[in-house]
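Undergrad: everything below, folded, please.
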Amino acid sequence: MDDALMHLAGRAGISPHWHDAFGRPQTVPPDALRAILAALGLPAASPSDLADSIERAAGEHAGALPPLVTADAGAPVLLPVSGATGRLRYRIALEGGGVIDGEAEVESGHLHLPALDVPGYHTIEMAGQGTVLAVAPARCFSIADAAGSDAGRLWALAVQIYALRRSGDCGIGDFSALSQLAVKAANAGAAGLVMSPVHAGFPADPHHFSPYAPSSRQFLNPLHADPHVVFGGPPVDAAIAALGCGAEVASLERAHMVDWPAAAPLKYAILRRLYQDALPRMAGLADDFAAFRTRNGPALEDHARFEAIHAAQFSADPTQWNWRTWGGGLSDPRSDAVAGFARQNPEAVGFHAFLQWVADRSLGQAQDAARAAGMPIGLISDLAVGTDGGGSQAWSRQADMLIGLSVGAPPDLLNALGQSWGLAAFSPRALAQTGFAAFRDMLRAVMGHAGGVRIDHIMGLMRLWLVPEGFPPTQGAYLAYPFEDLARLVALESHRHRAILIGEDLGTVPEGFRARLAARGILGMRVLWFERHEDRFARAADYDRDAIAVTGTHDLPTVAGWWKGRDIDWRVPLGIVGEGQTERTEREARGRDRRAIWQAIAPDDADPDAPPEDPERVVDAALSFIGRTPAPLVVIPIEDALALEEQPNLPGTIDEHPNWRRRLGPQAADLLEDPSVQQRLARLDAVRKQP
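TA: Prediction:
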């Protein structure tokens with residue numbers, strides 16, 4: 001391979017070499033490296049391109065200060081400077097007021113500043129230059145910070161919002177149903193409620209509904225909004241009556257599954273009627289909406305413009321789903337064409353801003369209800385690993401995103417071909433060049449109405465496997481991210497928003513990474529099924545104290561479903577089995593695992609060598625077992641609290657399994673009313689309160 005290409009790849013943070021699941025060395029093909037470099041703004045298609053990119057990359061750290069530098073509170077600050085020697089005078093303006101003047105020595109290209117003890121976004125000026133100094137607490141906001149140091153070990157539930165039921169939800173679970181469940185969970189002793197991602201989806205295309213493939217991670221999904229929170233009952237009832245859709249609403253609310261293509265357009269029609277008819281007649285609400293729109297500024301305007309243009313383009317020609325195919329200047333959010341569209345379609349753009357306002361008010365009410373009911377944490381949001389490359393965030397912030405690359409995973413023992421998830425990620429080069437503005441904006445959005453955040457694929461703070469368009473996942477590469485900078489910003493924002501941090505650290509984890517998470521106060525995740533050594537499952541006492549413990553996730557079988565082999569029932573006919581595996585070998589392995597897990601979790605009054613047939617006994621034992629772990633927080637999926645057999649999502653499927661569609665049977669306010677559920681959660685609560 002060309003040495004110059006390898007040099008540029010290394011400087012850009014791309015790993016040209018990697019090892020597969022069998023430990024065999026692999027090399028990224030040159031064409032794949034060139035594609036990744038091009039997405040990073042470092043073209044290398046020709047020798048002249050390559051030479052220019054090497055020169056540009058080499059000069060990026062020379063000259064002006066970066067727009068933002070991170071540092072740890074209480075630790076000396078190293079400020080990168082170029083060409084300076086000796087001592088320099090500086091002035092620091094603290095975010096909360098006050099000025100620090102001083103003089104410091106330049107050594108090895110860095111100005112060595114004394115420690116700053118005050119976290120915040122401060123500004124520093126020296127030698128005619130200035131930058132933002134983001135000083136972070138050493139650790140993220142913690143469970144002890146939220147609940148008190150004597151709160152003991154806590155527990156929470158996890159729920160897919162769309163699965164909840166409430167009269168008036170139009171067939172899709174909403175934030176008011178979430179609020180009702182939060183109150184009941186708090187009454188049962190829960191400290192928090194983990195919710196599925198609430199990122200903005202695609203209003204123009206209700207078939208695109210995966211919560212983990214959003215249009216934007218900076219805005220909300222209006223399908224979870226409850227207009228009753230904003231307008232009250234009569235205006236909503238009037239909107240439904242005016243549309244004549246009451247019977248259809250009732251039918252959708254009775255359905256066993258979410259019918260996204262039917263329910264989404266209907267809910268948007270109701271919301272549009274409220275926007276057109278009710279809002280203009282309610283001056284106080286109109287003023288509040290106007291203030292919301294002003295407060296959220298250009299970012300909200302860009303999102304609303306995208307949604308309106310996307311709807312117009314997609315409805316006129318379904319092949320125009322992706323903004324990269326749009327002509328006439330519409331693919332550029334700063335073009336005259338986009339500005340002209342907004343002037344000509346103010347109602348369409350305003351409607352999508354209105355949707356965000358209603359969603360924001362609804363989610364805020366849910367968090368307020370959770371905290372008022374006694375939850376020390378409240379809602380815990382879920383941050384997806386990326387956004388759909390055809391969505392609002394990629395269109396609005398093109399310079400910040402790696403357009404043409406997809407987040408994925410290299411081949412492993414379960415996926416010999418690797419994975420490409422169709423999600424766009426931030427460009428680490430662009431983040432550094434813009435003071436990490438897009439990353440900080442995203443954190444503030446996801447923490448805005450939450451007492452905690454679960455970051456999906458937390459390894460993305462250090463590296464991501466990225467696959468260029470047109471290449472198989474096996475020909476992707478790892479791209480490095482500035483972990484220390486990102487982790488400091490996460491810690492700083494977590495304290496500003498009083499939000500705990502959970503990092504989903506499952507799968508291929510770099511050596512030493514979990515220790516670095518723990519040092520930053522980011523809790524990892526330990527899953528019941530994965531805590532084992534060969535044929536033996538871990539004891540409860542052996543679980544980590546720096547991670548939450550869970551009985552499962554949205555991608556895994558429920559406890560009851562695993563015990564009965566429902567995942568095998570689904571996977572085998574679809575061919576989703578390990579290499580060389582058959583239904584017989586899968587069920588034989590499950591039988592062995594059933595015996596092994598029962599030996600680990602069996603209660604004292606049960607025979608550990610006699611696994612029961614009744615899955616509810618196993619669910620009870622699993623919850624009590626996970627409750628006994630030293631984890632500071634255990635999270636129980638609602639499906640396990642209810643002893644259900646079906647899981648929300650089956651990885652490796654799209655339409656073959658009803659992913660992101662299953663609804664829970666009872667109303668949200670009644671979910672925990674069954675005596676068996678109450679007893680199960682009461683036992684969990686009692687176990688967690690034991691010293």
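Undergrad: contacts and neighbour counts: CA atoms only from here.
TA: Fine.
Undergrad: just how off-centre is stretch 100-115 within its chain?
TA: Remark: stretch 100-115 is offset 37 Å from the chain centroid, using CA atoms, centre = their mean, to the nearest Å.
Undergrad: now do the contacts for P197.
TA: P211, Y212, S381, D382, L383, A384 (CA atoms under 8 Å, 6 or more residues apart in numbering).
Undergrad: what's the spacing between it and A669?
TA: Distance, P197 to A669, by CA to CA, to the nearest Å: 21 Å.
Undergrad: how about D205?
TA: Relative to A669, and taking CA to CA, D205 is found at 31 Å.
Undergrad: give me the number of residues near E511?
TA: When neighbours are defined as other CA atoms under 10 Å, E511 has 8 of them.
Undergrad: helices of the stretch 301-450 of the chain, start to end?
TA: Using DSSP state H, counting those that start in this stretch, the helices of the stretch 301-450 of the chain run over residues 336-344, 346-372, 392-396, 428-433, 437-447.
Undergrad: show me where the stretch 151-300 of the chain has its strands.
TA: Counting by DSSP state E, counting those that start in this stretch, the stretch 151-300 of the chain has these strands, from start to end: 154-159, 192-195, 199-200, 216-220.
Undergrad: tell me what the shortest one is packed against?
TA: Contact partners of strand 199-200 among helices and strands, from 3 or more CA pairs under 8 Å, 6 or more residues apart in numbering; DSSP states H and E: strand 216-220.
Undergrad: give me the sheet partners of the strand it packs on and which way each runs.
TA: Sheet pairing here is set by DSSP bridges, and for strand 216-220 it gives strand 199-200 (antiparallel).
Undergrad: need the residues that contact the partner strand.
TA: With CA under 8 Å, 6+ apart, strand 199-200 has contacts from P211, P214, S215, S216, R217, Q218, F219, L220, N221, P222.
Undergrad: how about the contacts made by the second one?
TA: Taking CA under 8 Å, 6+ apart as the criterion, P214 is in contact with H199, A200, G201, F202, A384, G386, T387, D388, G391.
Undergrad: next one: phi and psi at it?
TA: phi -80, psi 170 (degrees, to the nearest 10).
Undergrad: tell me the spacing between it and D101.
TA: The spacing between P214 and D101, counted by CA to CA, is 46 Å.
Undergrad: kindly report the same for G665.
TA: Distance, G665 to D101, using CA to CA: 64 Å.
Undergrad: of those two, who's got more company?
TA: More crowded of G665 and D101, by other CA under 10 Å: G665, with 15 against 11.
Undergrad: need the three-state assignment for that one.
TA: Of the three states, G665 takes coil under DSSP: H, G, I helix; E, B strand; the rest coil.
Undergrad: contacts only, for it.
TA: Counting by CA under 8 Å, 6+ apart, G665 makes contact with R165, H256.
Undergrad: may I see the buried residues of the helix or strand where R594 lies?
TA: Assessed by DSSP states H and E, R594 sits inside helix 583-601. Across helix 583-601, burial judged by 16 or more other CA atoms under 10 Å covers R590, D593, R594, R595, A596, I597, W598, Q599, A600, I601.
Undergrad: elements contacting it?
TA: Here helix 583-601 touches strand 536-537, helix 566-574, helix 615-628, going by 3+ CA pairs under 8 Å, 6+ apart.
Undergrad: now with 10 Å?
TA: Contact analysis of helix 583-601 by 3 or more CA pairs under 10 Å, 6 or more residues apart in numbering; DSSP states H and E lists strand 536-537, helix 559-564, helix 566-574, helix 615-628 as its packing neighbours.
Undergrad: wait, which of those is closest to R444?
TA: Smallest distance to R444 across these (CA to CA): 31.6 Å, for helix 615-628.
Undergrad: CA atoms only: put that closest one into CSV for me.
TA: Extracted C-alpha coordinates of helix 615-628, given in CSV (Å, rounded to 0.1, in the frame of the first residue of the first chain):
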residue,chain,number,x,y,z
PRO,A,615,-41.1,-19.1,33.0
GLU,A,616,-42.7,-16.8,35.6
ARG,A,617,-40.7,-18.5,38.4
VAL,A,618,-37.6,-17.8,36.3
VAL,A,619,-38.5,-14.2,35.8
ASP,A,620,-39.0,-13.8,39.6
ALA,A,621,-35.7,-15.4,40.3
ALA,A,622,-33.9,-13.3,37.6
LEU,A,623,-35.2,-10.0,39.0
SER,A,624,-34.3,-11.0,42.6
PHE,A,625,-30.9,-12.1,41.4
ILE,A,626,-30.1,-9.0,39.5
GLY,A,627,-31.4,-7.0,42.4
ARG,A,628,-28.8,-8.6,44.7
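Undergrad: now do that helix, average pLDDT.
TA: Averaging pLDDT along helix 615-628 yields 98.
Undergrad: same deal with stretch 227-238?
TA: The average pLDDT for stretch 227-238 rounds to 98.
Undergrad: may I see the buried residues of that stretch?
TA: P227, H228, V229, V230, F231, P235, V236, A238.
Undergrad: now the end-to-end length of that stretch.
TA: 12 Å.
Undergrad: give me the contact list for it.
TA: Residues from elsewhere that reach stretch 227-238 (CA atoms under 10 Å, 6 or more residues apart in numbering): 168-169, 174-176, 226, 240-244, 246, 267, 270-271, 273-274, 277-279, 282, 285, 355, 357-359, 361-363, 365-366.
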